[in-house]
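**Student:** Model the structure of this input:
(chains A, B, C and D)
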Protein chains: 2
Amino acid sequence: MELFQLRYFLKAAEREGFTRAADELGISQPALSRAIANLEAELGQPVFERQGRRVALTDAGRLLQSRAQQAVSLLEEAKSEITDDGESGRLRVAAIPTIAPYFLPGVLREFSRQHPQSSILIQEDVTENLLRKCAQGEVDAALLALPVPARHLEVEELFEEELILVLPAGHALAKKRTITLKDIEPYPFVLLDEAHCLTDNIVSFCRQSSFHPVAVERTNQLTTVQELVALDHGISMIPAMARALDLSDRRVYRSLSDVRPTRKIALCYNPYRFQSKLLVRFRECVREFSRKMGKKAKAGRGKG
Amino acid sequence: MELFQLRYFLKAAEREGFTRAADELGISQPALSRAIANLEAELGQPVFERQGRRVALTDAGRLLQSRAQQAVSLLEEAKSEITDDGESGRLRVAAIPTIAPYFLPGVLREFSRQHPQSSILIQEDVTENLLRKCAQGEVDAALLALPVPARHLEVEELFEEELILVLPAGHALAKKRTITLKDIEPYPFVLLDEAHCLTDNIVSFCRQSSFHPVAVERTNQLTTVQELVALDHGISMIPAMARALDLSDRRVYRSLSDVRPTRKIALCYNPYRFQSKLLVRFRECVREFSRKMGKKAKAGRGKG
DNA sequence: CGATGCGATAACCTATACGCATCACCGGCG
DNA sequence: CGCCGGTGATGCGTATAGGTTATCGCATCG
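**Tutor:** A predicted model of the protein is given here:
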C-alpha cells in the first residue's frame, strides 16, 4: 500500500469515476485503473463495485476511504508544520458568495504583495458547507457573516457593514430625501436563495421591525439581484461592499434614515488544527484590511 | 512523500542508524540513505542530524516521526479491518519472560492448529514495556501477571497459579514433611532482576508475612534461577508453570503448608483499537486453555 | 596512526508505474 | 435492433525511480 495509490483512490471515490479522477490527477485513465487494481489485489477484495459504467464504493472501500482520508490529511498537515517558514506554502481560503468577490480580492492583493512566494486557493460556498470544510480541515480560513452555528471553531468578528437599500434609478423612493423602514414595506423584494445567509440577515432584520419582505424573485448571485432591481423587478438590500463595485447608474443606493440594517463579517478557522505562520499572518492581514475598511466606511458614511 | 519512505524513516529513527535499519528492512544501506535524502529534499530540511557516525532526529524529524507513526498504524489497522476474515492474518502476541516460555507454546500450538493460515509474532518484555506497546498498538495482546497499572486497557484475569518453593535436592528443608513460612525465612533467596514482576510478587507476599527475603543473587532468567538454586546459591519461588518444565532431579519443589503464595495471570489488550476476528478468537483460545490449565492445577495439587 | 564502522556518492540495473492504443461492455438513441 | 458515445480493463513499450554493488570520506577507537 502506497500513498499515491490512496490519493488516487480518494480522488476516484470523490469523483465517482476513473476517467474524471484520472483527469484531475493529471494521469491517464489506465494508470488509475491499474493503481486501484493493485490496491484491491493487496487488500484481497475490491474497493469499487463496477456495475457497467457506474463505480460505487464497496463496504471495504468506504472503510478505506475514511482511513485513507485521515492518514493523508495527517501527513499533509505534518508536512505543512515542518515546511512552515511563514513565506512559502499553500493557504486555502474560503468565503461565502456575498463576501468573496467584494472583500477577498483586496485582501489577497495585499497578502500576495507581502508574501509573494505563497499560493492561495479560493473556495466559494454557503456558510453551512464552509463550516464543515473548516472543521474537517479542507480549508484553512473562512470569511462569513454572523451569526454562525460553529462549535469547536474559532470565530473572530471583523467589522460590521451596512446593508444598503438598492432601487432602480427611476424609483419613487429614490426621489425622497429620507427613506424610512415604513416606506419600503409595500415594495416586493428581490432576494437571494434561502441557502444564502444574507437572505436570513435581511429577513430577520425586517422581522425585528415586524414585517416580512415579499420575495418576487430569488437568484443565487448578488450581481443578478442588482440587475433585476435595475429592471424594476423589485427592490433589495445589498451589503455596502457590493455597492462599491457597482458602477452602473441604473441603480441608486440609499441608507434608511430611521434604522440601520447591518451584517457582521467574521473570520472563522479551526484552532485544533495546526496554525501555520502563513495562516497566522493571513489572519493578521485580514484584520488589518478590515480596520482600513471600517475607517473608509465611516468616512464615506458622511457623504452618504 | 510516500509510505515506503516513511516506513524507512521510522525504522531508521527507531534503530538510530541507517545500516542497522536497512538491514532490518531488507534493503541496502544506500537505498535507505537515498530514500531519506529524497524525503528531506521534499521537506526542504533534514530529519536527521549527521554528526559523524551518529544520527539523531532533528526537531522536524521528531515531528515527522510522531505523525508518520500515526499514519502508518492507521493504515495498517485499516488494512487489517478490511482483510479481516478470521483465518488469515497476523497477530502480535506478547508475554512477560516468566510466562512466555511456559504458557505461550501450549496456547500457540492449539491456536495454530485451529487457524493454520494465521501467523503469530511473539514478543517478550517486562510488564511496563508491554503495557506501553499494547497502548500504542504495537502488540495485539499481552499476557502478564497482576497487578498491572493499566489505564485505558482491558485486563482480563485468566487464572491463579501457585508460586512453589524450589530447593536444591539435598537441602535441609527438603527432608521436612511440611514446610512453613517461618522455616524458609532464614535462607537467602535467588531472585530475578527488579524489572520482573515476579520479584514484586514474591517480595510483596513475604512482606505480608512481615519478612523481607534476602537476595544473594539476581538474574534475568527463571532458568538461571533454577540452576543457581541447584548449585545451592539459595532458595527461591517459582511459578507452577515453570516447574512443569523442570525435568532435573537436582532440585525439589515444595508447597508451603501454612500459606499459599500465588500470582494471577491476566490477558491484556487495547479495546480502543480494532479487534480483528483473529484476535477475538485468540482471546477465546487463551481463556479456554487457561480453564484446562486451572483444572490440571487443581487435579495436580492433591499429589503435590 | 592504522583499523574499523558507518553514511554518502557514483554507476549501473531492474522493477514498476506510466502513456498510448485498443478492447470490451453498458446505456442511450435513432 | 444495431449503432455510437462513453467508461473501465488490458497489452505493450518506455521511462522513471528505487534498488544494488562498489567505493569514498570521515569520524572514532585501540
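**Student:** right, is the helix or strand containing A:Lys11 up against DNA strand D?
**Tutor:** Assessed by DSSP states H and E, A:Lys11 sits inside helix A:3-15. No - contact of helix A:3-15 with DNA strand D (Cβ under 7 Å from any atom of the strand) is absent, the minimum separation being 7.6 Å. Every residue, glycine included, has its C-beta placed from N, CA and C.
**Student:** Does anything pack onto that helix? Which helices or strands?
**Tutor:** Judged by 3 or more Cβ pairs under 8 Å, 6 or more residues apart in numbering or on different chains; DSSP states H and E, the packing partners of helix A:3-15 are helix A:18-25, helix A:29-43, helix A:59-82.
**Student:** mind listing what's buried in the second one?
**Tutor:** Neighbour-count burial for helix A:29-43 flags A:32, A:35-36, A:39-40, A:43 (criterion: 16 or more other Cβ atoms under 10 Å in any protein chain shown).
**Student:** between it and helix B:59-82, how many degrees?
**Tutor:** Angle of helix A:29-43 versus helix B:59-82, following axes from the mean of the first three to the mean of the last three Cα atoms, to 10 degrees, is 70 degrees.
**Student:** Equivalent analysis for the shortest one, please.
**Tutor:** Going by the same axes, to 10 degrees, helix A:18-25 is angled at 180 degrees with respect to helix B:59-82.
**Student:** And helix A:18-25, what's buried?
**Tutor:** Per 16+ other Cβ under 10 Å, helix A:18-25 contains these buried residues: A:18, A:21-22, A:25.
**Student:** same thing with stretch A:212-219?
**Tutor:** Buried residues in stretch A:212-219, defined by neighbour count with 16+ other Cβ under 10 Å: A:213, A:215, A:217-219.
**Student:** rewinding a little: now pLDDT too, for the buried residues of helix A:18-25, in a markdown table please.
**Tutor:** Below are the buried residues of helix A:18-25 laid out as a markdown table (pLDDT from 0 to 100):
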| residue | pLDDT |
| --- | --- |
| A:Phe18 | 92 |
| A:Ala21 | 92 |
| A:Ala22 | 93 |
| A:Leu25 | 92 |
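**Student:** Could you dump these into TSV with distance to DNA strand C added?
**Tutor:** Listed next are the buried residues of helix A:18-25 as TSV, based on distance: Cβ to the nearest atom of the strand, whole Å:
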residue	distance to DNA strand C
A:Phe18	11
A:Ala21	12
A:Ala22	7
A:Leu25	8
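**Student:** Closest to chain B out of those?
**Tutor:** Nearest to chain B among those is A:Leu25, at 15.3 Å by Cβ to the nearest Cβ.
**Student:** Spell out the secondary structure type for the residue in the stretch 201-304 of chain A positioned nearest to chain B.
**Tutor:** Closest approach between the stretch 201-304 of chain A and chain B, counting by Cβ to the nearest Cβ: A:Phe274, at 10.0 Å. Classification of A:Phe274 using DSSP: H, G, I helix; E, B strand; the rest coil returns coil.
**Student:** quick revisit: mind checking which of the buried residues of stretch A:212-219 land in strands?
**Tutor:** A:215, A:217-219 (DSSP state E).
**Student:** for the nearest residue to A:Ser88 once chain neighbours are set aside, phi and psi?
**Tutor:** Nearest residue to A:Ser88, sequence neighbours excluded (Cβ to Cβ, 6 or more residues apart in numbering or on different chains): A:Gln117, at 4.3 Å. Backbone dihedrals for A:Gln117, given as degrees, to the nearest 10, come out at phi -80, psi -10.
**Student:** Would you agree A:Gln117 is in contact with A:Arg90?
**Tutor:** No - between A:Gln117 and A:Arg90 there is no contact under Cβ atoms under 8 Å: 10.7 Å.
**Student:** A:Lys182: neighbour count?
**Tutor:** Using other Cβ atoms under 10 Å in any protein chain shown, A:Lys182 has 11 other residues around it.
**Student:** Can you tell me the element it falls in?
**Tutor:** For A:Lys182, the host element (DSSP H and E) is helix A:181-184.
**Student:** Extract the C-alpha set from that helix and format it as PDB.
**Tutor:** Extracted in PDB, the C-alpha atoms of helix A:181-184 (Å, rounded to 0.1, in the frame of the first residue of the first chain):
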ATOM      1  CA  LEU A 181     -38.500  51.400   7.000                       C
ATOM      2  CA  LYS A 182     -42.200  52.000   6.700                       C
ATOM      3  CA  ASP A 183     -41.600  53.400   3.200                       C
ATOM      4  CA  ILE A 184     -40.100  50.200   1.800                       C
END
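**Student:** Buried residues, that helix. List them.
**Tutor:** Within helix A:181-184, the residues that qualify as buried are A:181, A:183-184, counting by 16+ other Cβ under 10 Å.
**Student:** any chance of the residues you listed in JSON lines, plus pLDDT and distance to DNA strand C?
**Tutor:** Below are the buried residues of helix A:181-184 laid out as JSON lines (pLDDT from 0 to 100; distance: Cβ to the nearest atom of the strand, whole Å):
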{"residue": "A:Leu181", "pLDDT": "80", "distance to DNA strand C": "52"}
{"residue": "A:Asp183", "pLDDT": "82", "distance to DNA strand C": "52"}
{"residue": "A:Ile184", "pLDDT": "81", "distance to DNA strand C": "48"}
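**Student:** ok, now which ones touch the residue of chain A found nearest DNA strand C?
**Tutor:** Nearest to DNA strand C in chain A, going by Cβ to the nearest atom of the strand, is A:Gly52, at a distance of 2.9 Å. By Cβ atoms under 8 Å, 6 or more residues apart in numbering or on different chains, no residues touch A:Gly52.
**Student:** top strand in chain A by residue count?
**Tutor:** strand A:154-168.
**Student:** helix or strand right after it?
**Tutor:** Next helix or strand after strand A:154-168 toward the C-terminus (DSSP H and E): helix A:172-175.
**Student:** what's across from A:Ile265 in the sheet?
**Tutor:** A:Ala145, A:Phe159 (DSSP bridges).
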